[in-house]
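okay, sequence plus prediction incoming.
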Amino acid sequence: MEDTAAEAGKPAADEASRVEAQVRDWQDNELAKFLAKRPETREQYFSGSGAPVQRVYTPADIADVPFEEIGLPGQYPFTRGPYPTMYRGRTWTMRQIAGFGTPAETNQRFQYLIAQGQTGLSVDFDMPTLMGYDSDDAMSLGEVGREGVAVDVLEDMDKLFEGINLEEISVSMTINPSAWILLAMYIAVARRRGYDLNKLSGTIQNDILKEYIAQKEWIYPPEPSMRIVRDTITYTATRMARYNPINISGYHTSEAGASALQEIAFTIAAAREYVRTVVATGMDVDTFAPRLSFFFVCQADFFEEIAKFRAARRYYARMMKEEFGASNPDSMRMRFHTQTAAATLTKPQPYINIVRTAIQALAAVLGGTQSLHTNGLDEAYTIPSEFAMKLALRTQQIIAEETNVTQVIDPLGGSYYIERLTADIEAGIRRYLDIIDELGGTLACIESNYFQKEIADFAYEFAQRKASSDRTVIGVNKFVDAAEEQQIEVHRLDPDSERRKITRLKEVKESRDQAAVEATLAELKRVAALPDENIMPATIAAVEADVSMGEIVKALETVFGRYTERPVF
């Protein structure tokens with residue numbers, strides 16, 4: 001067998017040697033003569049992540065990448081996409097995020113986007129909701145509905161999706177430390193309406209490890225927070241066949257300043273920790289892993305982003321099969337939502353943000369995303385206007401309907417550059433995960449601030465590159481417009497929205513059955529004190545009794561405590 005393998009590899013090695021000789025000849029002759037007349041603009045070129053980039057790539061650069069690693073779409077290791085037909089069978093879900101003011105106001109935006117052809121909903125919540133505070137809490141003053149929709153009680157969830165059939169459209173909810181309460185409300189609304197839970201599709205983000213690593217939105221310490229995530233995964237695994245109980249996110253890690261490699265590596269490290277936690281309960285990996293989903297950013301470096309997505313799929317597939325023993329192909333398929341990069345949007349010359357977003361969206365599609373949000377041109381200023389969201393949605397529709405890029409699966413597969421980048425990023429993921437293991441694992445790295453320091457170091461270097469104009473930002477450090485800034489329509493929040501929301505919340509609290517409130521909160525605390533019990537049924541009972549999110553969060557603080565980060569400078 002070894003002799004046969006050696007013979008099979010010999011032609012590839014011979015071809016690589018021939019190509020390398022041809023490249024050396026080209027460098028010594030045509031290239032050298034041309035450079036003498038017209039030098040390149042810089043001595044060294046780098047990707048967005050700071051990795052060196054060659055001037056040209058050839059078969060010699062991928063001689064160590066067998067076709068089996070590239071493979072075919074829908075086939076292990078899924079480098080070329082999770083499904084055999086990809087966009088020839090169904091285009092990605094066009095999921096523009098929305099959320100502001102009261103649930104009724106956000107519902108109007110949802111209805112508008114659906115009418116414009118959006119195929120999935122994505123909900124953005126205000127800061128009080130994200131942090132588990134009710135709208136009438138003193139901590140919420142001035143923030144209610146400002147950066148997302150305010151949701152306090154079950155009635156709010158019902159109004160948010162009024163007139164929308166939740167069996168027919170998937171819903172993503174971007175929320176983390178209080179995500180399980182929103183999931184409980186979502187389930188309770190579905191029950192009220194008589195829906196089949198197995199027909200609900202969508203996700204809660206619910207990625208608490210990413211909060212400790214990058215976004216800094218948390219309530220409880222890591223251990224009880226991981227228990228809550230575990231409970232949402234095990235609860236939905238046998239009750240909600242099409243629902244994703246977690247959307248493991250690299251987007252916010254990137255927005256915190258991480259490189260493309262760090263975004264992917266740290267996200268997979270978090271995913272591995274979640275899988276280990278659920279497997280430790282005795283649940284078979286193939287029972288829950290098919291419903292794990294991911295969320296990534298698409299940054300400015302076109303080819304690096306495409307390769308990033310391909311490398312992530314390949315590494316994840318191998319990890320699930322080799323480390324966790326997954327046998328179901330669905331357990332190895334990395335499915336992900338992508339959002340174009342908010343951090344690249346600029347206030348100067350805001351209309352050119354349309355161009356940035358279109359190019360990033362195209363890279364996400366060529367990278368094989370399952371779902372996509374395109375940013376509005378005005379998001380460097382505020383929540384996007386209806387006009388900006390319509391234009392962002394039309395950007396996706398043009399890519400899907402006019403460019404023909406959906407006709408061929410992974411059209412850049414086999415590119416010398418793309419395949420070399422894919423292999424290098426995959427190797428980088430492996431190096432990072434080895435380091436994380438050496439340092440004691442993901443939770444230990446959070447406690448020691450390893451992730452935070454790695455991100456901060458890269459972010460500082462990247463900021464210096466922009467400040468020195470080594471990294472170009474059109475309209476900011478190059479081609480700056482000295483004229484008066486372009487005027488754009490921006491979203492205006494109704495100043496009376498917060499008052500209306502607080503008034504209605506107080507009415508709900510005054511009219512409910514207080515005995516039921518107290519009984520369900522007592523049961524919730526009892527269950528929380530028993531680490532092996534699942535917290536979801538008690539949470540659902542609480543929200544059905546009109547217990548508010550803030551009340552649930554405060555009750556469980558008495559059991560779990562509250563987390564304070566240990567800063568490292």
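Right, received. Where do you want to start?

who's in contact with Ala528?
224, 535, 538, 556, 559-560 (C-beta atoms under 8 Å, 6 or more residues apart in numbering). Quick note: C-beta positions are derived from backbone N, CA and C, even for glycine.

and the pLDDT at Pro245?
On pLDDT, Pro245 comes in at 97.

follow-up on the earlier one: now list the buried members of the contacts of Ala528.
Buried residues within the contacts of Ala528, counting neighbours by 16 or more other C-beta atoms under 10 Å: 224, 535, 538, 556, 560.

re the thing from before, format the contacts of Ala528 as a markdown table; extra columns: distance to Thr79.
Output for those, formatted as a markdown table (distance: C-beta to C-beta, whole Å):
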| residue | distance to Thr79 |
| --- | --- |
| Pro224 | 37 |
| Ile535 | 38 |
| Ala538 | 43 |
| Leu556 | 42 |
| Val559 | 45 |
| Phe560 | 41 |
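
quick check: of those, which lies closest to Thr41?
Pro224 (53.6 Å; C-beta to C-beta).

look up the closest residue to the closest one, ignoring the ones flanking it.
Spatially, and ignoring its direct neighbours in sequence, Pro224 is nearest to Phe560 (4.0 Å; C-beta to C-beta, 6 or more residues apart in numbering).

distance check, that neighbour against Gly132.
12 Å (C-beta to C-beta, to the nearest Å).

returning to what we had before: from the contacts of Ala528, which land in strands?
Among the contacts of Ala528, no member is found in strands (DSSP state E).

need those residues in TSV with distance to Arg333 and pLDDT, can you?
Below are the contacts of Ala528 laid out as TSV (distance: C-beta to C-beta, whole Å; pLDDT from 0 to 100):
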residue	distance to Arg333	pLDDT
Pro224	30	97
Ile535	29	98
Ala538	33	98
Leu556	34	98
Val559	37	97
Phe560	34	97
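
which of those fall in helices?
The helices, defined by DSSP state H, take in 224, 538, 556, 559-560 from the contacts of Ala528.

could you measure from Pro39 over to Gln54?
As judged by C-beta to C-beta, Pro39 and Gln54 stand 17 Å apart.

and what of Leu493?
Distance, Leu493 to Gln54, using C-beta to C-beta: 49 Å.

more neighbours: those two, which one.
Between Leu493 and Gln54, counting by other C-beta atoms under 10 Å, Leu493 is the more crowded of the two (16 against 12).

ok, that one - contacts?
Leu493 neighbours (C-beta under 8 Å, 6+ apart): 100-101, 145-146, 383.

equivalent analysis for Met139, please.
Met139 touches 128, 131, 133, counting by C-beta under 8 Å, 6+ apart.

then Glu523?
538, 541-542.

so how far is the host helix or strand of it from its chain's centroid?
Remark: Glu523 resides in helix 514-528, with elements defined by DSSP states H and E. Helix 514-528 sits 34 Å away from the centroid of its parent chain (C-alpha atoms, centre = their mean, to the nearest Å).

buried residues, it. List them.
517, 520-521, 524-525, 527-528.

same thing with stretch 206-214?
206-214.

out of these, which is nearest to Glu447?
Nearest to Glu447 among the buried residues of stretch 206-214: Tyr212, at 8.8 Å, using C-beta to C-beta.

and the pLDDT at the closest one?
Here, the pLDDT recorded for Tyr212 equals 95.

point out where the stretch 1-150 of the chain drops to low pLDDT.
Low-confidence segments of the stretch 1-150 of the chain (pLDDT under 70): 1-12.

do the same with the chain
Using pLDDT under 70, the chain drops low at 1-12, 484, 567-569.

which parts of it are strands?
Using DSSP E, strands in the chain cover 45-46, 52-53, 93-94, 97-98, 120-124, 170-174, 202-204, 243-244, 246-249, 292-298, 336-340, 371-373.

give me the contacts around stretch 233-240.
Taking C-beta under 8 Å, 6+ apart as the rule, stretch 233-240 contacts 183, 197-198, 200, 243, 245-246, 274, 278, 281, 283, 287-288, 291-292, 534, 536-537.
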